[in-house]
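Trainee: Sharing a sequence plus its predicted fold:
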Amino acid sequence: MLSWILIMAFTCVNLNVFTWASRLKERPKSWLYAQGARYLFGLVLSFLFIYVWLIDVSVTGLLNTFGFVVAINLIVSGLVHFVPQPSKKSGSKVKKLKKPSFSVGKESGIGVLLLLGLLAMNYVYPLTVTKELAQLGEFEVSEEQIESVTEDGVRSVPYTYARYKSEIVFGNIDNYSFYELGETSIQKINDELFWVSPIEYSSIWRWLRADHAPGYVMVSAENPNAEAQLVDDYEMKYVPSAFFGENLDRHVRKAYGDIILLGYSFEPDDDGNPYYAYSYAYYKHYRTAPKADGVILVDAVTGEMEQYRLGEQPEFVDNAIDYSIALDYANWFGTYSNGLINALFAKEGVHQPTSDEEMIGVLGADGDMYWMIDHMRPNQDSNAMVGFTMVNAQTGEATYYTGNSGMTNARGALDAVNRSYQREQWEGTQPVLYSVYDNYTWVVPVVDQSGLMREIAMVHADSSSVARGASREEAFHNYRQMLATDLADDDYIPTDLYEQETVSGKVYRVSDTFNSRFLQVLLEGESRVLEFDVTTSANAVFIEPGDEIEALVVDTEENVLQVIEFTNATVDDEFGEVEEFELDETQTGGEPENQNSTEQETDSEAETE
């Protein structure tokens, strides 16, 4: 790094060899002083570019930065010349002094051409490779539905609530005023999702006083009731907020000077050891089209580094590709797949991510982490999506899913949730799209006005119907019931993990009605629980132990089976079906048959209620 600073400082001295030759003959000492001053200025400039701003010292990196310096240097050098001018007489001799004169020299022309060339390469050339940009992510287009996830794989704790809980436990750190929470990211640790925040220095003065950053904070992304965990038994020296050689960016750049650094993610391994994963890339077209190439793993305690190609990194590294490049891939693919002219005018097939700032990290059904974002039509404030992108954050494989056009997008999901909580004045935050029971579903954490998490809402993407619950388990229960009953008339009969089957047997136990709606039954020889919705199956309240029943249920490969319809063979054999009950006059004291029938129905309804 130091050698490049010394070398590139020469870009600020006069670059015309003929000017050097003439000036050294005429006034060598003053000329050398002037060039020495320009070199010192070049050192300052070079120090800023290379050490402070940490540009890559590849051929194109140096050209694209110091090329502008050279161009400006040539233009100025060609415009300003020192020419002899008569000054004053001393006896018969005339003393000549050098005075600046402005004229256009050859250097200025070269400098202008270089400047225009650099501007063209930075702002015009990228417009000629837009189709290459569109294919940079190597997108696979699929109309298939993504694989359904289980309840355990769903992220239900939002970023804001995780930060709130992290701040609470952060106060337990010794000398907490020295530190602050770093950037929070979602991680899979020992097959569980966590929000992880490294502890970093609050300022350069705190860095000078403290010997190290003490560790990090973990908050469950699955269980909002779980306590935040303070992991403070690590002496982390190489962190982004450190200075000089201990600064993470500078530490990596010093060892890997010529690669394109994208961004880092804090990644504890499954044993809790702290690492930073720094994603890097290379440019395919001058300084355009960065292609994610791998990850540099940095031990935050020792500073040891190891470079891996993308997909070959250790399994615990969840974010080997930075979200920023994944978002660029999605944007370029949606905008430029049919060319630049089409993107500007006809806009055939053009679609854009709903956010130009962030992608959502989600855990896929295969256990890998993905960057996900939904797409909408360009320049539209629409609540409907045309597709969505998923980029594998560990391998870089990208897929654009198109079989969901017209479904509710993230904005529409938030609107549906916010309408459901108008009375409480709560609102949804950070909707995440999953396939749940083979139905596209937005999982939306609900927070109050203080940012505290209150409930979880699940929005059916095809109908915008909302199921809600105080916990993830309750939300899934209510969503499962909504799919099995409330949406059944609309032909939302799912497949894959969501199938119908017939179950029969003798009743062993019957629960009390809970939530004023549901009744659960155990059958002999059946390990799964049958769940009845008494609002749609009113006769379920008459089920007793020993009854023989047969039920059409929805099997989601979970412990609870949702009952769609059923028959109670014991009741039917003894009394006939309920709707066929007939009472004669001797049983009713001679009262009219219709009146007794009405009272029978009224009593039955009252008992059901």
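Mentor: Received it, and whenever you're ready, just let me know what you need.

Trainee: CA only for contacts and neighbour counts going forward, please
Mentor: Will do.

Trainee: Might you list the low-confidence residue ranges for the stretch 501-609 of the chain?
Mentor: 576-609 (pLDDT under 70).

Trainee: let's see it at 80
Mentor: Residue ranges of the stretch 501-609 of the chain with pLDDT under 80: 514-517, 535-536, 555-558, 573-609.

Trainee: Check the stretch 351-500 of the chain too.
Mentor: Low-confidence segments of the stretch 351-500 of the chain, defined by pLDDT under 80: 379-382, 481, 484-500.

Trainee: Helices of that one, residue ranges please.
Mentor: For the stretch 351-500 of the chain, applying DSSP state H, counting those that start in this stretch gives helices covering 410-420, 472-481.

Trainee: Tell me which of the ones you listed sits most buried.
Mentor: By mean neighbour count, with neighbours taken as mean count of other C-alpha atoms under 10 Å, helix 410-420 ranks first of the helices of the stretch 351-500 of the chain at a mean of 22.

Trainee: and for that helix, what are the contacting residues?
Mentor: 374, 382-384, 426-429, 431-433, 442, 444, 457, 459, 461, 464-466 (C-alpha atoms under 8 Å, 6 or more residues apart in numbering).

Trainee: can you do 10 Å?
Mentor: 354-355, 373-375, 381-385, 407-409, 424-433, 441-446, 456-461, 464-468 (C-alpha atoms under 10 Å, 6 or more residues apart in numbering).

Trainee: I'd like to know which of those residues are part of strands.
Mentor: Counted as lying in strands by DSSP state E, out of those, are 373-375, 427-428, 432-433, 441-446, 456-460, 466-468.

Trainee: Generate a PyMOL selection restricted to the buried subset of the residues you listed.
Mentor: Buried members of the ones in strands among the contacts of helix 410-420, defined by 16 or more other C-alpha atoms under 10 Å, are picked up in PyMOL with:
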select buried, resi 373+374+375+427+428+432+433+441+442+443+444+445+446+456+457+458+459+460+466+467+468
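
Trainee: quick one: contacts for the residue nearest in space to the middle of the chain?
Mentor: Among the residues of the chain, the one closest to the centroid is Ile360, at 2.6 Å (C-alpha atoms, centre = their mean). Neighbour list for Ile360: 186, 323, 370-374, 390, 430-433 [criterion: C-alpha under 10 Å, 6+ apart].

Trainee: out of the helices of the stretch 351-500 of the chain, which comes closest to His212?
Mentor: Among the helices of the stretch 351-500 of the chain, helix 472-481 comes nearest to His212, with 38.2 Å by C-alpha to C-alpha.

Trainee: Tell me the helices and strands packed up against the closest one.
Mentor: Contact analysis of helix 472-481 by 3 or more C-alpha pairs under 10 Å, 6 or more residues apart in numbering; DSSP states H and E lists strand 432-436, strand 439-447, strand 453-460, strand 466-469, strand 529-533, strand 560-568 as its packing neighbours.

Trainee: ok, and what's touching the fourth one?
Mentor: Contacts of strand 466-469 from elsewhere in the structure, counted by C-alpha under 10 Å, 6+ apart, are 413, 416-417, 419-421, 441-446, 454-460, 474-483.

Trainee: picking up where we left off before, kindly reformat the helices of the stretch 351-500 of the chain as CSV and extend each row with distance to Arg517.
Mentor: Converted to CSV, the helices of the stretch 351-500 of the chain look like this (distance: least, C-alpha to C-alpha, whole Å):
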stretch, distance to Arg517
helix 410-420, 20
helix 472-481, 11
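
Trainee: So for Glu147, which of these sits nearest?
Mentor: helix 472-481 (16.9 Å).

Trainee: any idea of the angle the closest one forms with strand 560-568?
Mentor: 40 degrees (axes from the mean of the first three to the mean of the last three C-alpha atoms, to 10 degrees).

Trainee: Need the CA coordinates for helix 472-481. PDB is fine.
Mentor: Presented in PDB, the C-alpha positions along helix 472-481 are these (Å, rounded to 0.1, in the frame of the first residue of the first chain):
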ATOM      1  CA  ARG A 472     -46.000 -17.700  15.400                       C
ATOM      2  CA  GLU A 473     -47.700 -21.000  16.400                       C
ATOM      3  CA  GLU A 474     -51.000 -19.300  16.800                       C
ATOM      4  CA  ALA A 475     -50.700 -17.400  13.500                       C
ATOM      5  CA  PHE A 476     -49.800 -20.700  11.700                       C
ATOM      6  CA  HIS A 477     -52.800 -22.400  13.400                       C
ATOM      7  CA  ASN A 478     -55.200 -19.700  12.300                       C
ATOM      8  CA  TYR A 479     -53.700 -19.600   8.800                       C
ATOM      9  CA  ARG A 480     -54.000 -23.300   8.400                       C
ATOM     10  CA  GLN A 481     -57.600 -23.100   9.500                       C
END
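
Trainee: distance between that helix and the chain's centre?
Mentor: From the chain centre to the centre of helix 472-481 is a distance of 25 Å (C-alpha atoms, centre = their mean, to the nearest Å).

Trainee: so it versus strand 432-436, what angle?
Mentor: On the basis of the same axes, to 10 degrees, helix 472-481 is oriented at 60 degrees to strand 432-436.

Trainee: residues in contact with stretch 376-385?
Mentor: Counting by C-alpha under 10 Å, 6+ apart, 334-335, 343, 347, 349-355, 374-375, 386-388, 402, 404-415, 461-462 sit against stretch 376-385.

Trainee: Can you turn the buried part of those into a PyMOL selection?
Mentor: To isolate the buried ones among the contacts of stretch 376-385 in PyMOL, judged by 16+ other C-alpha under 10 Å, type:
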select buried, resi 334+335+343+347+350+351+352+353+354+374+375+386+387+388+402+404+405+407+408+409+410+411+412+413+414+415+461+462
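
Trainee: Any idea what Phe518 is bridged to?
Mentor: For Phe518, the beta-bridge partners are Phe514, Asp533 (DSSP bridges).

Trainee: quick revisit: quick one, which of the helices and strands packed on helix 472-481 is nearest to Glu312?
Mentor: Nearest to Glu312, of all the helices and strands packed on helix 472-481, is strand 432-436, at 26.9 Å by C-alpha to C-alpha.

Trainee: Can you lay out the helices and strands packed on helix 472-481 as TSV showing distance to Gln35?
Mentor: Below are the helices and strands packed on helix 472-481 laid out as TSV (distance: least, C-alpha to C-alpha, whole Å):
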stretch	distance to Gln35
strand 432-436	60
strand 439-447	64
strand 453-460	64
strand 466-469	73
strand 529-533	87
strand 560-568	83
